[in-house]
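**Q** Here's my sequence, what's the structure:
(chains A and B)
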Amino acid sequence: MSDTVFGMLKRLLMETDLEKVKAILQKMEGFELIKVPGLDDRIARLNLDLNSAGFDRWGMHPETLRKFAPILYLLYKKYFRVETSGIEKLPPGRALFVGNHGGQVPLDAMMAGLSLFLEGEPPRVARAMVERWVPTVPFVSSLFTRIGAMVGDPVNCRELLMHDQSVLVFPEGVRGSGKLFKDRYQLQRFGTGFMRLALETKTPIVPVAIIGTEETYPSVFNFEALAKLIGAPYFPVTPFFPLLGPLGLLPLPAKVTVRFGDPISFEGDANEPEELIRDKVQMVKDALQAEINTGLEKRGENVFSGAAK
Amino acid sequence: MKILITGASGAIARLVASAISPKTELVGVDPRPAPSTSHFPGEFVVADYHSRKLDEVFKHHRFDAVLHLGRIRESQRYSPQYRFQMNVIGTQKLLELCRSNAVKNLIVLSTYHVYGAHKHNPLLLTEDSPLRASQSFPELADAVELDHAATTFMWKQREVRTTILRPVNIIGKHVRNTICSLLRSGICPKIVGFDPLLQFMDEKDVARALILALENEIPGVFNVAGEGVIAYSHAIRHAQAMAIPIPPIVSAGFVRLLDDVSKLGFPPYLMDYFKYPTIVCDDTFRKAFGYQPKVKTVQSLRNLGPLTERKLVPDTSFDESV
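**A** Below is the predicted model:
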């Protein structure tokens, strides 16, 4: 059976026609393995304001999410065996989720977002703020928009928070996602824009420690010249990629834990001088690093198994 | 009340004219002849906007309001030079006439294209966003210049209350513009891997927005949109057209070739608009004018059909049309 699943996965990756993708996914749903429990109910409870074409104001398209849900669920439950903690103490309404970034590919955003969708009560869409170069990447750009992500422009973030949406940001940006394996789980310099937006919109901040995704692509070297050539912010070289070719693209199946910290509400003026903002940012950073350290401790030595709570 | 409508033989002008209160006296002007089958409810003058003839029209009638809808939109049929002459020089002339003849209210129909498609665009563009179009697309320079001339006029000549509307892609049975021709052609080039969000607005909603602008006389620049966003591929599907995949690397040159050979109706400069989203936020207009789009995007895409050439009948169900 796994043969067929992987055969289908291969076909799925090669397929560009959306109708055919749909057909393959429907077939895949036939396997118990990737039946997403309560999917319809969760999508219905997302409370999105959709137009006649099925899109929301920012281009989120729940039907696309439904189509890709089996694959995402497979990744979430079977491949990375995600466990969460602290998801029950999330504040109602909007929140600004601040995560640690690492692992070259936004698997961290995907896993944190999926945990909020699959296990959050009520389920929510975490609108992930992505790098500015993402819109130039074929396929990824449109898929991300359909499932709720958008370019991490302050204008976008403010707009979303004003409309009571939950936003997921990685204040480290490419400094975090592109960092090498040896620097894993060490928070890089934080941008401060998110704090100003949280103050302006009076949004509680929730630190999210994502453990495991930083081991999925152990980058030992950043091939900067090549990155520049293809217009990417960095180009990771891992022990498997590009040495093993496409096979090296497979992420290592590390066990992933998503830990939600206590919500922090800040008071103050969004136009405060940078030093004051930086102090507040440092508080978030410390809270996040503490959450990461707890997570790492609980996980122990084994990256591929490890306890969650 | 006496109103001048430019672009009077166009679909939008005719829709507005048929929906406007019968007590209003209308004068239509257009460089193109009046459509033979549908009667313009008022005097119709054939004139270029930069010609002397327009002076006389203004002198003869004392207009209370001017609706400037006469922007040439079809890049396929007219050269950039001609479009610049008509759209920019013509508009400047018209603005000057509005000033010297003490017109009280001026409404200019610009376009959302002025913002330009850019990978760094925020998802929702407000009226304050920079107009990037002429930077990357010289073909759109005339549209940006027109918008700019109108905005400058609005700030300088306060005695003429000027409302500038920047509508999204206008579609409708009677409309002949680039996007409509493209969707009607049945074959829509689509860049592989890119499926940007687009916004459409039905011709009836455009007419409704224009009438609201005419009635409320609130000066300013406003984005106007329809019901919301839709992915290009979905729009193609709803319009019963077929998508032709175009590899992103060869796209620009290939599309130019395709365009030259087949006259597909897909101007190469529009490529970026089919790659990156250019989405406008029309909250300000909705709030200020109480505007609500009434036609569903999917509905108007489905109803697009072949061009209903000059068969526009006064629509009695104007307000209930969904």
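
**Q** Please name the residues that touch the most centrally placed residue in chain B.
**A** Taking CA atoms, centre = their mean, the centroid of chain B lies closest to B:Thr111, which sits 5.5 Å from it. Residues in contact with B:Thr111 (CB atoms under 8 Å, 6 or more residues apart in numbering or on different chains) are B:71, B:73, B:143, B:147, B:166-167. C-beta: built from backbone N, CA, C; applies to glycine.

**Q** Going through those residues, which ones are buried?
**A** In the contacts of B:Thr111, burial by neighbour count holds for B:71, B:73, B:143, B:147, B:166-167, counting by 16 or more other CB atoms under 10 Å in any protein chain shown.

**Q** what number of residues lie near A:Gln188?
**A** The local packing of A:Gln188 (other CB atoms under 10 Å in any protein chain shown) involves 19 other residues.

**Q** As a check, name the ranges of all strands in the chain.
**A** Reading this off chain A. Secondary structure of chain A (DSSP state E): strands located at A:83-85, A:96-99, A:126-130, A:150-151, A:166-169, A:205-211, A:221-222, A:236-237, A:257-260.

**Q** think we crossed wires, I meant chain B
**A** Counting by DSSP E, the strands of chain B are B:2-6, B:25-30, B:43-46, B:65-68, B:105-109, B:161-167, B:169-171, B:187-191, B:197-202, B:220-224, B:229-231, B:242-246.

**Q** Tell me the helices and strands packed up against the last one.
**A** It stands for strand B:242-246. Contacts defined by 3 or more CB pairs under 8 Å, 6 or more residues apart in numbering or on different chains; DSSP states H and E place strand B:242-246 against strand B:187-191, helix B:232-238.

**Q** Tell me which residues touch the residue of the stretch 101-250 of chain A found nearest chain B, please.
**A** With CB to the nearest CB, the shortest gap between the stretch 101-250 of chain A and chain B falls at A:Pro138, namely 2.4 Å. Shown in contact with A:Pro138 (CB under 8 Å, 6+ apart): B:192-194, B:248.

**Q** Show me which residues of the stretch 1-150 of chain A sit near chain B.
**A** A:16, A:18, A:51-59, A:61, A:132, A:135-139, A:141-142, A:145-146, A:150 (CB under 8 Å from any CB of the partner chain).

**Q** Run through the residues of the stretch 1-150 of chain B sitting next to chain A.
**A** Contacts of the stretch 1-150 of chain B with chain A, taken as CB under 8 Å from any CB, map to B:119-120, B:122-124.

**Q** Is it possible to mark the buried ones in those?
**A** Buried by 16+ other CB under 10 Å: B:122-124, out of the residues of the stretch 1-150 of chain B next to chain A.

**Q** For the residues you listed, could you give me TSV that also reports pLDDT?
**A** TSV is the format used below for these (pLDDT from 0 to 100):
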residue	pLDDT
B:Pro122	87
B:Leu123	87
B:Leu124	92
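
**Q** circling back: okay if I get the strands of chain B as JSON lines plus mean pLDDT?
**A** Compiled in JSON lines, the strands of chain B are given as follows (pLDDT from 0 to 100):
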{"stretch": "strand B:2-6", "mean pLDDT": "95"}
{"stretch": "strand B:25-30", "mean pLDDT": "93"}
{"stretch": "strand B:43-46", "mean pLDDT": "92"}
{"stretch": "strand B:65-68", "mean pLDDT": "96"}
{"stretch": "strand B:105-109", "mean pLDDT": "97"}
{"stretch": "strand B:161-167", "mean pLDDT": "97"}
{"stretch": "strand B:169-171", "mean pLDDT": "94"}
{"stretch": "strand B:187-191", "mean pLDDT": "85"}
{"stretch": "strand B:197-202", "mean pLDDT": "95"}
{"stretch": "strand B:220-224", "mean pLDDT": "97"}
{"stretch": "strand B:229-231", "mean pLDDT": "95"}
{"stretch": "strand B:242-246", "mean pLDDT": "86"}
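
**Q** For B:Lys287, state which of the contacts of B:Thr111 is nearest.
**A** B:Arg166 (16.0 Å; CB to CB).

**Q** partner residues bridging that closest one?
**A** B:Asn223 (DSSP bridges).

**Q** for it, what are its contacts?
**A** Contacts of B:Arg166 by CB under 8 Å, 6+ apart are B:110-112, B:114-115, B:127, B:147, B:221-224, B:280.

**Q** again, only using 10 Å
**A** B:Arg166 is in contact with B:108-115, B:125, B:127, B:131, B:143, B:147, B:221-225, B:280, B:282, B:285, counting by CB atoms under 10 Å, 6 or more residues apart in numbering or on different chains.

**Q** do the same with A:Leu252
**A** Under the criterion of CB under 10 Å, 6+ apart, the contact list for A:Leu252 reads A:80, A:103, A:212, A:215-218, A:238-240, A:303-304.

**Q** From B:Ala235, how far out is it?
**A** 40 Å (CB to CB, to the nearest Å).

**Q** Equivalent analysis for B:Gln81, please.
**A** 32 Å.

**Q** what about those two, which has more around it?
**A** B:Ala235 (28 against 9).

**Q** is it true that that one touches B:Gly226?
**A** No - B:Ala235 lies out of contact with B:Gly226 (CB atoms under 10 Å); the separation is 11.6 Å.

**Q** shaky segments in the stretch 201-309 of chain A?
**A** A:306-309 (pLDDT under 70).

**Q** Chain neighbours aside, what residue packs nearest to whichever residue of the stretch 51-200 of chain B sits closest to chain A?
**A** Distances between the stretch 51-200 of chain B and chain A by CB to the nearest CB are smallest at B:Gly193, namely 2.4 Å. Sequence neighbours aside, A:Pro138 is the residue nearest to B:Gly193 in space, at 2.4 Å (criterion: CB to CB, 6 or more residues apart in numbering or on different chains).

**Q** And for A:Ile264?
**A** Closest residue to A:Ile264 apart from its sequence neighbours, by CB to CB, 6+ apart: A:Ile205 at 4.9 Å.

**Q** Show me what the one you found bridges to in the sheet.
**A** Residues in beta-bridge contact with A:Ile205 (DSSP bridges): A:Leu96, A:Ile264.

**Q** Number of residues surrounding it?
**A** 26.

**Q** B:Gln157 is in contact with B:Asn105, correct?
**A** No - using CB under 10 Å, B:Asn105 and B:Gln157 do not qualify as a contacting pair, with a distance of 12.0 Å.

**Q** Report the set of residues contacting both of those two.
**A** Common contacts of B:Asn105 and B:Gln157 (CB under 10 Å, 6+ apart): B:Cys98.

**Q** Looking at those two, which has the bigger crowd around it?
**A** Ranked by neighbour count (other CB under 10 Å), B:Asn105 and B:Gln157 place B:Asn105 first, with 22 against 16.

**Q** The nearest residue to the more buried one once chain neighbours are set aside: what's it in contact with?
**A** In space, B:Asn105 comes closest to B:Ala65 once its chain neighbours are excluded; the distance is 4.1 Å by CB to CB, 6+ apart. Applying CB under 10 Å, 6+ apart, one finds that B:Ala65 lies in contact with B:1-5, B:24, B:98, B:103-107, B:160-161, B:213-214, B:217.
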